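Colleague: from the sequence below, what's the structure:
(2 chains)
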There are 2 protein chains.
Amino acid sequence: MSEISDTEDLEEIPPKNLEECFKLLSTEARQLYLSRTVPVLETPPTPLQFYRDYVSWNRPVLIRNGLKHWQALQLWQENSYFRDHFQDKSVTVAVTPNGYADSPVNDRFVMPEERNIKFGDFLDIIENPEKDPGGIYYIQKQNSNLTEEFSELLQQVPELDWAREAFDQSPDAVNFWMGDQRAVTSMHKDPYENIYCVARGHKIITLHPPTDLPWIPYRNYKPAVYKYSDSGFDIQDLPGPDVPWICVDPLNPDLINYPNYANTTKIQVKVSAGEILYLPSLWFHHLQQSHGCVSINFWYDMSFDIKYNYFNFLKNVKSVANLT
Amino acid sequence: MSEISDTEDLEEIPPKNLEECFKLLSTEARQLYLSRTVPVLETPPTPLQFYRDYVSWNRPVLIRNGLKHWQALQLWQENSYFRDHFQDKSVTVAVTPNGYADSPVNDRFVMPEERNIKFGDFLDIIENPEKDPGGIYYIQKQNSNLTEEFSELLQQVPELDWAREAFDQSPDAVNFWMGDQRAVTSMHKDPYENIYCVARGHKIITLHPPTDLPWIPYRNYKPAVYKYSDSGFDIQDLPGPDVPWICVDPLNPDLINYPNYANTTKIQVKVSAGEILYLPSLWFHHLQQSHGCVSINFWYDMSFDIKYNYFNFLKNVKSVANLT
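Modeller: Here you go, the predicted structure:
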């Protein structure tokens, strides 16, 4: 058995160029371990099952019935709970003209305007989408804002034991997300293992595996920020180096300029209230949401292991291949 | 945090060609997760710790004090035990003129002569190395020979609970190894997770990580087999396709013809009686042993996951790069 293994190499027709190598990487990912839909567990896995079958493989899984012990699943269903307890609490809100925070506009990478408003005023805006409050609002500050800004809510969304035990660490950040249905998070990847929990409403998450990197085009953008005034939104340049960012919209890809994007594996998943998505490190993801959707996500440090080593190699080979 | 992650790409100086990509792959492996020696655990890990910290990372670990419950650790220390119980038992033995079974000789890949002899006769040969028995003997048949040929010994080497639970499966094969100190296993890789247990004596195992593939030269050899007659060993051709095999000896590498082999990360580990090596899937390994060393190894099916997907990509890029 041992000695025959190396002869596997025999049968294969080797690829002729790097583009063929990239194509094999994507097609073999689908043959080996990816399905067109995210697999579903009806109950939370054990820590070992979770680590072995999902984290180690680097593939997503949707987990049902894992948040029944969260008070948030009851308390947060109506805005009245937040009004009763946090009406005057100051919160940081991202505001944009179109719902796209941290997203390309022409040759600029435009960050949202950050405003500090009362939670009660934010809820008024969410409840009255027909009124123009000067932009589209999203609580999405990713500085572990649950622990920093909403610590009163922490006990209603306790960390998930199986995830904590599997990763053998506390999360690096816990974030609270709430916003307008027009607020979209553009396609990107994170160097974190992500446990994404929806407490109210739903998210639609569009995914590509890391092995699709060759087909996902990046461009360099000048950093900028939205500024609102009486005359509406303006884009102001910021100092600093260019920002490389993905330049296709997965919902409406420009296949004329980026035809290789058609080679990606696109997986969409709806995560509804009470459900958890394990979103593996380095997976590309784009997020939409129902109006007033509330989510909590836990970021755990990823392992800088052979998978990360290989991902960097793929990035380097992509740069040598100089694909469009 | 999320949004800044993609900007990591900024700082790097991209490699100019594939050879530079391969070099970065090997050097980053050392920087990220490999050490020059195999890490040691003084007691067996929990299943989760084992899977999370070693299997998922695809890095080896040496485990001490994990075989104390094995009767083999007492019973097998002297040949008399085997004589008392298995003197007349027929065993399959690999015999070669030089200790190299399944190894290149000029342009041939030469398999050993297989002989069926009595265990008692095999022990006579091991105990009298100064006598010429017509070759160098090694019990190394890798068809799960412990379960097939030595099932009487199975209860003395029970499967390790933490490994079974971690992999969530029974081993695909359990092998029994015993032989002459001149018997060497040439460098190769297996598509298995390997739990390698030394019951008597020691093994010296020389390792390269899978990410060293670009630097490890292969050649195609004609299949052949040793045949012994009164005039000594002869090499006889076999039908069948060429066998691709590694054409450097890690103990004495030909760096004139294969200078790139110097770019590998070479890790050597001594596994002594009572110790266990976790030898991860797709790691290259070469084995030497003390005289009369007895080992048991468990092969568990590997995961055909993103790591395997990336390894195939690396193999394909290597073939495009056409390195020597």
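
Colleague: make it CA atoms for all contacts and neighbour counts henceforth
Modeller: OK.

Colleague: in the sheet, who's paired with A:Q236?
Modeller: Counting by DSSP bridges, A:Q236 is bridged to A:V225.

Colleague: could you pull out the strands for the stretch 201-324 of chain A?
Modeller: Along the stretch 201-324 of chain A, the stretches classed as strands by DSSP state E, counting those that start in this stretch are A:202-208, A:218-229, A:232-237, A:243-246, A:267-272, A:276-279, A:284-289, A:294-301.

Colleague: pick the most buried one from those strands.
Modeller: Comparing the strands of the stretch 201-324 of chain A by mean neighbour count (mean count of other CA atoms under 10 Å in any protein chain shown), strand A:276-279 ranks first with a mean of 24.

Colleague: so what does that strand touch, helix or strand wise?
Modeller: Secondary-structure packing of strand A:276-279 (3 or more CA pairs under 8 Å, 6 or more residues apart in numbering or on different chains; DSSP states H and E): strand A:61-63, strand A:192-200.

Colleague: residues in contact with the residue sitting nearest the centre point of chain A?
Modeller: Centroid-nearest residue in chain A: A:H285, 4.5 Å away (criterion: CA atoms, centre = their mean). By CA atoms under 8 Å, 6 or more residues apart in numbering or on different chains, the contact list for A:H285 reads A:S186, A:M187, A:H188, A:K189, A:I205, A:T206, A:L207, A:H208.

Colleague: contacts with chain B among those, please.
Modeller: Counting by CA under 8 Å from any CA of the partner chain, A:H188, A:K189 from the contacts of A:H285 sit close to chain B.

Colleague: quick one: residues contacting the nearest residue to A:K307 once chain neighbours are set aside.
Modeller: Of all residues not flanking A:K307 in the chain, B:K307 sits nearest, at 6.0 Å (CA to CA, 6 or more residues apart in numbering or on different chains). Residues in contact with B:K307 (CA under 8 Å, 6+ apart) are A:W57, A:I306, A:K307, A:Y310.

Colleague: what pLDDT does B:K307 get?
Modeller: B:K307 is assigned 98 on the pLDDT scale.

Colleague: take the strands of the stretch 201-324 of chain A and lay them out in a markdown table including mean pLDDT.
Modeller: Below are the strands of the stretch 201-324 of chain A laid out as a markdown table (pLDDT from 0 to 100):
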| stretch | mean pLDDT |
| --- | --- |
| strand A:202-208 | 98 |
| strand A:218-229 | 96 |
| strand A:232-237 | 96 |
| strand A:243-246 | 96 |
| strand A:267-272 | 98 |
| strand A:276-279 | 98 |
| strand A:284-289 | 98 |
| strand A:294-301 | 97 |
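
Colleague: let me have those in a markdown table, extended by distance to A:N98.
Modeller: Converted to a markdown table, the strands of the stretch 201-324 of chain A look like this (distance: least, CA to CA, whole Å):
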| stretch | distance to A:N98 |
| --- | --- |
| strand A:202-208 | 18 |
| strand A:218-229 | 11 |
| strand A:232-237 | 10 |
| strand A:243-246 | 18 |
| strand A:267-272 | 22 |
| strand A:276-279 | 26 |
| strand A:284-289 | 13 |
| strand A:294-301 | 20 |
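
Colleague: tell me which of the helices and strands packed on strand A:276-279 lies nearest to chain B.
Modeller: For the helices and strands packed on strand A:276-279, proximity to chain B was assessed by CA to the nearest CA; strand A:192-200 is nearest, at 8.7 Å.

Colleague: spell out which residues of the stretch 101-250 of chain A are next to chain B.
Modeller: Within the stretch 101-250 of chain A, the positions lying close to chain B (CA under 8 Å from any CA) are A:102, A:142-143, A:166-167, A:188-191, A:211, A:242-245.

Colleague: the residues you listed: which two are farthest apart?
Modeller: Farthest apart among those by CA to CA are A:A166 and A:D242. That separation is 37.2 Å.

Colleague: all helices for chain A, in order.
Modeller: Assigned by DSSP state H, the helices in chain A fall at A:2-5, A:18-32, A:47-50, A:72-75, A:79-86, A:119-127, A:145-148, A:161-167, A:306-321.

Colleague: as CSV, those with distance to B:R64 would be great.
Modeller: Putting those into CSV (distance: least, CA to CA, whole Å) gives the following:
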stretch, distance to B:R64
helix A:2-5, 25
helix A:18-32, 35
helix A:47-50, 23
helix A:72-75, 47
helix A:79-86, 55
helix A:119-127, 57
helix A:145-148, 42
helix A:161-167, 24
helix A:306-321, 25
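
Colleague: compare the mean pLDDT across these and name the weakest.
Modeller: With a mean of 41, helix A:2-5 has the lowest mean pLDDT of those.

Colleague: surely A:F298 and A:P171 touch.
Modeller: Yes. In this structure, A:F298 is within contact of A:P171 by CA atoms under 8 Å, at 5.9 Å.

Colleague: re earlier: okay, the residues of the stretch 101-250 of chain A next to chain B in TSV with distance to A:R219 next?
Modeller: Converted to TSV, these look like this (distance: CA to CA, whole Å):
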residue	distance to A:R219
A:D102	14
A:Q142	23
A:N143	26
A:A166	36
A:F167	34
A:H188	13
A:K189	15
A:D190	18
A:P191	20
A:T211	19
A:D242	9
A:V243	8
A:P244	5
A:W245	6
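
Colleague: among those, who's most crowded?
Modeller: Using other CA atoms under 10 Å in any protein chain shown as the neighbour test, these are led by A:T211, with 28 neighbours.

Colleague: neighbours of the residue lying closest to it once chain neighbours are set aside, how many?
Modeller: With CA to CA, 6+ apart as the criterion, A:T211 has its nearest non-adjacent residue at 6.2 Å, and that residue is A:S26. Using other CA under 10 Å, A:S26 has 25 neighbouring residues.

Colleague: equivalent analysis for A:P209, please.
Modeller: Neighbourhood size, A:P209 [other CA under 10 Å]: 25.

Colleague: residue contacts, it?
Modeller: By CA under 8 Å, 6+ apart, the contact list for A:P209 reads A:R59, A:T265, A:L282, A:W283, A:F284.

Colleague: rerun at 7 Å
Modeller: Residues counted as contacts of A:P209 (CA atoms under 7 Å, 6 or more residues apart in numbering or on different chains) are A:W283, A:F284.
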